[in-house]
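Undergrad: need the 3D shape of this:
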Amino acid sequence: MVINQVSESLPDPVMEHVGQVAEHVSSVAEQVATTAGQVTETVSSKLNDLLVDGEGESEDEFEAYKTSDLPELKGIAGIKNLTILQEDQGVMTLIYDFYTYMLKSSLPEFALAMFSAPILLSMIFTLLYLPEFQGLAMEETARQFFKFAGESKEAGVTGLELSWATLFEVFMFSVSLSTGLQPELTPLSPYTLVVANLNALIAQLIFVFMSGAVFARLSQPSQPIRFSNVALVYPNMSKRRQRPEGRHKVLMARYVLAGPQPCELVDVKVDLTYKYNTVTSTGTFFRATQSLKLVRTEIAYLNCGMLVRHVIDETSPLYQRTPDMLEKEDAIFILSVVGLESSTMQPVFHVQHYCVYDGDVIWDAEFEDMILISQKNKLIMDHSKLSEWRSVQKMQGTKTNIA
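TA: So this is what the prediction gives:
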């Protein structure tokens, strides 16, 4: 009613102008709506293409290769079949890489390298002494040499003579310079003096290098984390469980703390990664990576172990994936745990690979109980049962897929 009164009070030219503006606004609104619909359809199609190709599922862009051939080696063999071409291959880089390798090597390899280093150095310098081995003499002979150094040449003494015994004595002389023992031989000639000083200098550098490596190894905390050798897919047992995860299959693995007791970790974080091969529509081989949502990813204090679970519901990347599909795409589940060792507050990190191709993932199974009760009513955690499992009877009518 008010609008009609206002329109009647306005002149006709003004009303015509208002009508034209309204028509123009309506046409612009229709064009905006049409353009928005086209943009939405374009974005949706592009997103679907990316999801189908698998290119949008990995955060690592360096895992794509322009080839349509999948790798021949799968599982652990495929993981080890990797060569890294580094840009910097200088001497200092090689030395640093060797030091890092020493820290990461196993204890037997580390001990072998510790004992082998001075022996290999002594063998190299033994060959350098041979061109002028006469310049080395026994300690008593060296005293006579320096005693008669200012007299006639006839009063001088001769050095060693070449023989297998002499070769062994020269080798032990080099070992003595490397280990810090008092050598039985003494260099007489300028050549042997220079070689002996180089031998002692390099031996001291190796000693410093090895001392630092030993200190770094001793300062590292023990690796108290032990993973189960297999990961299990627990079937859908909704009649047996009333919890939400009981209505879906569950991918699970477990780990325990096996270090010197009491073994405690704080600020523990757990991650489970799903890696698989895929080929895009353009013929590009792509190694995709996805993080799996866990029931529990963090724990403030841990003193025994933990069961890691991923519920395979409709939001899971494993939903409706069959064992054959996972084996064909060389699926690997990477379980990693990081935390702080309570006594030293140093970080502890451990990782475990579960390869479908190698049979590390078992379907329709559950873990055996590790916690037992003795006759004296005492709780016992048996770590020998860490990887033991038992089959679980599937419900009738279910298919062999991860649903």
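Undergrad: quick check: bridge partners of the residue sitting nearest the centre point of the chain?
TA: Closest residue to the average C-alpha location of the chain: Val351 at 6.6 Å, with Cα atoms, centre = their mean. Beta bridges link Val351 to Ser336 when assigned by DSSP bridges.
Undergrad: so it sits against Ile334, correct?
TA: Yes: the criterion here is Cβ atoms under 8 Å, and Val351 meets it with Ile334 at 6.3 Å. Bear in mind the C-beta positions are built from the backbone N, C-alpha and C, glycine included.
Undergrad: which is the succeeding secondary structure element to the lowest-mean-pLDDT helix or strand in the chain?
TA: None of the helices or strands of the chain scores lower by mean pLDDT, DSSP states H and E than strand 64-65, at a mean of 44. Using DSSP states H and E, the next helix or strand after strand 64-65 towards the C-terminus is helix 75-80.
Undergrad: quick check: buried residues in that following helix?
TA: 75, 78 (16 or more other Cβ atoms under 10 Å).
Undergrad: equivalent analysis for stretch 113-127, please.
TA: Under 16+ other Cβ under 10 Å, the buried positions of stretch 113-127 are 113, 117-118, 121-122, 125-126.
Undergrad: isn't there a strand covering Tyr301?
TA: Yes: counting by DSSP: H, G, I helix; E, B strand; the rest coil, Tyr301 falls inside a strand.
Undergrad: that one is in contact with Glu264, isn't it?
TA: Yes: with contact defined as Cβ under 8 Å, Tyr301 and Glu264 form a contacting pair (7.0 Å).
Undergrad: rounded mean pLDDT for stretch 19-31, please.
TA: Per-region confidence: stretch 19-31 scores 70 on mean pLDDT.
Undergrad: what's the closest of the buried residues of stretch 113-127 to Pro347?
TA: Distance to Pro347 across those (Cβ to Cβ) is lowest for Ala113, with 24.6 Å.
Undergrad: list the contacts of Ile225.
TA: 255-258, 337, 348, 350 (Cβ atoms under 8 Å, 6 or more residues apart in numbering).
Undergrad: for it, which residues make a bridge with it?
TA: Leu257.
Undergrad: how about Leu379?
TA: Ile373.
Undergrad: how far away is it from Val256?
TA: Per Cβ to Cβ, to the nearest Å, Leu379 is found 14 Å from Val256.
Undergrad: neighbour-wise, which of those two wins?
TA: Val256 (21 against 9; other Cβ atoms under 10 Å).
Undergrad: can you pull the contacts of that one?
TA: By Cβ under 8 Å, 6+ apart, the neighbours of Val256 are 225-226, 304-305, 370, 381, 383, 386.
Undergrad: just the strands in the stretch 251-400 of the chain please.
TA: 265-279, 285-292, 298-302, 305-312, 332-341, 347-355, 361-363, 365-367, 371-373, 379-381, 389-391 (DSSP state E, counting those that start in this stretch).
Undergrad: so which of those is nearest Lys80?
TA: strand 347-355 (10.5 Å).
Undergrad: which non-adjacent residue is nearest Ser174?
TA: The shortest distance from Ser174 to any residue other than its chain neighbours is 3.9 Å, reached at Ser122 (Cβ to Cβ, 6 or more residues apart in numbering).
Undergrad: backbone torsions only: list them for the one you found.
TA: phi -70, psi -40 (degrees, to the nearest 10).
Undergrad: tell me the contacts of it?
TA: With Cβ under 8 Å, 6+ apart, Ser122 has these contacts: 171, 174-175, 177-178.
Undergrad: ok, and the most crowded of these?
TA: Ser174 (27 neighbours).
Undergrad: before we move on, back to that, can you say which of the contacts of Val256 are buried?
TA: By neighbour count, with 16+ other Cβ under 10 Å, these hold 225-226, 305, 370, 386 as buried.
Undergrad: put together CSV for these, with distance to Asp364 on each row.
TA: Below are the buried ones among the contacts of Val256 laid out as CSV (distance: Cβ to Cβ, whole Å):
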residue, distance to Asp364
Ile225, 27
Arg226, 25
Gly305, 23
Met370, 20
Leu386, 20
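Undergrad: tell me the two of the residues you listed that are most distant?
TA: Ile225 and Met370 (15.1 Å).
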